[in-house]
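give me a 3D structure for the following:
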Amino acid sequence: MRQVLVEAARRRGASKRAGGSDRLEVEFDEASLGITSAERLIHLDDALEVLAQVSARQAQVVEARFFGGLTVPEIAASIGVSEVTVQRDWRVARAWLSTELARA
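Residues are numbered from 1 along each chain as shown. You can find the predicted model right below:
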């Protein structure tokens, strides 16, 4: 799902720069993603790539929550850690991403 949203955002930005009339509209729940535009989605993708280098598990948790819509128990079961660990990873990753996205 992440790749679909990011590619759609990139195409949308490319068509706007080219002045084309074909606009790809992507609907996503901005409130749950904390994103206000396609450009922010691209910045989120870039930040997630960096986060994956820092902490692969935290990036996994973010992808599962943002793009997969999984709950904490579902994520914990899928990656084989406790729910407390998932909650901690989610909290730390959110703070880190918030800082990174503020720089963009």
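
go through the helix ranked longest in the chain and flag the buried ones.
If you go by DSSP state H, the chain has its longest helix at helix 83-103. Buried residues in helix 83-103, counted by 16 or more other CB atoms under 10 Å: Thr85, Val86, Asp89, Trp90, Ala93, Arg94, Trp96, Leu97, Glu100. Bear in mind the C-beta positions are built from the backbone N, C-alpha and C, glycine included.

turn the residues you listed into a markdown table, including distance to Leu70 and pLDDT.
Converted to a markdown table, those look like this (distance: CB to CB, whole Å; pLDDT from 0 to 100):
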| residue | distance to Leu70 | pLDDT |
| --- | --- | --- |
| Thr85 | 15 | 97 |
| Val86 | 9 | 97 |
| Asp89 | 13 | 97 |
| Trp90 | 11 | 95 |
| Ala93 | 14 | 95 |
| Arg94 | 15 | 93 |
| Trp96 | 20 | 93 |
| Leu97 | 17 | 91 |
| Glu100 | 22 | 89 |
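
in CSV: the residues you listed, plus distance to Leu51.
Listed next are these as CSV, based on distance: CB to CB, whole Å:
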residue, distance to Leu51
Thr85, 16
Val86, 15
Asp89, 10
Trp90, 12
Ala93, 6
Arg94, 11
Trp96, 6
Leu97, 7
Glu100, 8
